[in-house]
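> Okay, sequence plus prediction incoming.
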Amino acid sequence: MSLESEFVRWLTERVVQRDHVLRGIGDDAAIVAGDQRNQVITTDLLCDGVHFRWGEVSAARIGRKALAVNLSDIAAMAAIPEAAVISVAFPRGFALAEAQQLYEGILELADQFDVAVIGGDTNSWSAPLVISVTMWGRVTEHGPLRRDTAQVGDRILVTGPLGGSILSHHLDFTPRVRESLLLRSRYDLHAGMDLTDGLSLDLSRLVASSQVGAELQLDAVPISNDARLLSQSSHKSPLEHALTDGEDFELLLTAAPDVAARIMSDKDLLLSCHDVGKIIAEPGLWSITPGGQRTRLQPQGYEHR
């Protein structure tokens, strides 16, 4: 288990749950009670050398990603994004023009999703660039999506395709905010999250949170062209990339079989959904091959060390 996972587990047990916190640590965003409408709050910290490589891509694309990953968390909760605060630790010697380009990437995406950038903090230090974004949004009348509400018998849906994000998708993806809100308004979705660390690892987190298990139909997993391209040099199959690469920022959803079938046949949706398996009572994650063989699937994906 990674340091990140161990620390989050310890912190979850350590912090005191407050009455106005409806959902704390353990989901894509926290849910906090409001006077008229509940709110969701999320934050992400992006570091040079981990989430991007300064000098290899433009400052605007880095800034865009910093906001986009938070928008993806809001989408995972089926909430409406409202505002963000942004803190940046600039390396000493960072040029003003570079800082401006970084924020242009942030502000352009903020405009697309009607997010108000209302402040933050800046500092300089003798280390690589670090960006921290905190965003909040409001829950709609349909309620938030959560990880801990999947039900036995649900079908597992993903938007896709998956894998190979390192080639460009992790910087240029479009957060599924509009798609999530549309799905939530039309259908009775039971659970959901976004795919940030790989399908197998993130699905294992969802079923653990819901105290259920899952069977994943391997031949139904949508595979991106980038995953196929990457497999030519990685010594991994395209399916392995789709299951484990991470930073797809697609949606992972569960719904009753009849609802899932209606979603799959809905031609008016803004995206394609793929039925990749089902929720079962037996804990853990299992794979089903095209030939019907059922084996334990070890969750793998990206974890910070």
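Right, received. Where do you want to start?

> Could you report the separation of the residue most central in space within the chain from I74?
Nearest to the geometric centre of the chain sits D194, at 3.0 Å (Cα atoms, centre = their mean). Remark: distance between D194 and I74 (Cβ to Cβ, to the nearest Å) = 9 Å. Where you see a C-beta, it was placed from the backbone N, CA and C, and this is true even at glycine.

> if we can go back for a sec, next up, the contacts around the residue nearest to the centre of the chain.
Neighbouring residues of D194 by Cβ atoms under 8 Å, 6 or more residues apart in numbering: 28, 72-73, 75-76, 176, 202, 249-252.

> Could you check the pLDDT of the nearest residue to it once chain neighbours are set aside?
With sequence-adjacent residues excluded and distances taken as Cβ to Cβ, 6 or more residues apart in numbering, D194 is closest to A76, at 4.0 Å. pLDDT, A76: 97.

> and what of E303?
Reading off the model, E303 has pLDDT 66.

> do the same with M1
pLDDT for M1: 65.

> where does the chain dip in pLDDT?
Low-confidence segments of the chain, defined by pLDDT under 70: 1, 303-305.

> Which residue ranges make up the domains of it?
Split into domains by automatic domain parsing, the chain comes to 3-139, 155-296.

> what's the closest of those domains to Y302?
Closest to Y302 of the domains of the chain, according to Cβ to Cβ: domain 155-296, at 3.7 Å.

> And the strands in this protein, which stretches?
According to DSSP state E, the chain carries its strands in the segments 21-23, 30-32, 39-47, 79-91, 116-125, 130-139, 155-159, 189-194, 213-217, 251-255, 273-280, 284-288, 294-296.

> quick revisit: now, of the domains of the chain, which is deepest in the fold?
Of these, the one with the most neighbours on average (mean count of other Cβ atoms under 10 Å) is domain 155-296, at a mean of 19.

> got the end-to-end distance for it?
Start and end residues of domain 155-296 are separated by 19 Å (Cα to Cα, to the nearest Å).

> so how far is it from its chain's centroid?
With Cα atoms, centre = their mean, to the nearest Å as the basis, domain 155-296 stands 11 Å off its chain's centre.

> Just the CA atoms of stretch 122-142, as PDB, please.
The C-alpha coordinates for stretch 122-142 follow below in PDB (Å, rounded to 0.1, in the frame of the first residue of the first chain):
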ATOM      1  CA  THR A 122       1.200  32.800  -4.800                       C
ATOM      2  CA  ASN A 123       4.700  32.200  -3.600                       C
ATOM      3  CA  SER A 124       8.200  31.500  -4.800                       C
ATOM      4  CA  TRP A 125      10.600  28.800  -3.800                       C
ATOM      5  CA  SER A 126      13.700  27.000  -4.900                       C
ATOM      6  CA  ALA A 127      11.900  23.900  -6.200                       C
ATOM      7  CA  PRO A 128       9.700  23.000  -9.300                       C
ATOM      8  CA  LEU A 129       6.300  24.400 -10.000                       C
ATOM      9  CA  VAL A 130       3.300  23.400  -7.800                       C
ATOM     10  CA  ILE A 131      -0.300  24.300  -8.400                       C
ATOM     11  CA  SER A 132      -3.200  23.800  -5.900                       C
ATOM     12  CA  VAL A 133      -6.800  24.300  -6.900                       C
ATOM     13  CA  THR A 134      -9.800  24.200  -4.600                       C
ATOM     14  CA  MET A 135     -13.200  24.200  -6.200                       C
ATOM     15  CA  TRP A 136     -16.700  24.000  -5.000                       C
ATOM     16  CA  GLY A 137     -20.100  23.600  -6.700                       C
ATOM     17  CA  ARG A 138     -23.700  23.100  -5.800                       C
ATOM     18  CA  VAL A 139     -25.700  19.900  -5.700                       C
ATOM     19  CA  THR A 140     -28.800  19.800  -8.000                       C
ATOM     20  CA  GLU A 141     -32.300  18.700  -7.000                       C
ATOM     21  CA  HIS A 142     -31.400  15.200  -8.200                       C
END
